[in-house]
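Trainee: this one's structure only:
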């Protein structure tokens, strides 16, 4: 079986994802119910993570990066949110695991961007998203988790936390916030490309 059943009861093919099978309501629904840090930071979802980073970038006038940040974890609606340590461990145990996961993620990502009707982000925008993703990881760790028993990887320890305050909210609210940003920013970017 190479497909998942979505919240609305549709089949989404992981091997052959297509834009016409993307439903942004389902993406918002799922991301709002997938917790970061495999649940060890409490109720704090991937949707919240994406919305906070999006807001930070948008507040600085970086609209393309804000939209790209909002969507950067969208493939997790179908693939879940495995922790970075787990991915690294599985890649060491099963050579090629990371490459296979990257290939699946990229396929879902491309279908999502095509469905959104917005051009794939440029490399500078993608670099900015990675930079803010690392800063968000540090911010979330510092604000939402208990003190770590040992240092995390160097990149996280060296990252500068963002000057934002994080909150835990109900999945229904996180879903609405993610979808609201998606509709507003996608409309803005489509308007700019006319």
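Mentor: That came through fine. What you see is a predicted model, and the numbers here were worked out from it, not measured in a lab.
Trainee: who are the neighbours in contact with the residue nearest the centre of the chain?
Mentor: Residue closest to the average C-alpha location in the chain (C-alpha atoms, centre = their mean): residue 73, at 1.9 Å. Neighbouring residues of residue 73 by C-beta atoms under 8 Å, 6 or more residues apart in numbering: 31, 46, 49, 50, 81. Backbone N, C-alpha and C define where each C-beta goes, glycine included.
Trainee: wait, is it part of a strand?
Mentor: No: applying DSSP: H, G, I helix; E, B strand; the rest coil, one finds residue 73 to be coil, outside a strand.
Trainee: any idea how far it lies from residue 93?
Mentor: 24 Å (C-beta to C-beta, to the nearest Å).
Trainee: What of residue 76?
Mentor: Counting by C-beta to C-beta, the gap from residue 76 to residue 93 is 22 Å.
Trainee: Between the two, which has more neighbouring residues?
Mentor: residue 76 (19 against 8; other C-beta atoms under 10 Å).
Trainee: Quick check: nearest residue in space to that one, chain neighbours excluded?
Mentor: residue 46 (5.6 Å; C-beta to C-beta, 6 or more residues apart in numbering).
Trainee: and what of residue 25?
Mentor: That would be residue 179: by C-beta to C-beta, 6+ apart, it lies 6.8 Å from residue 25.
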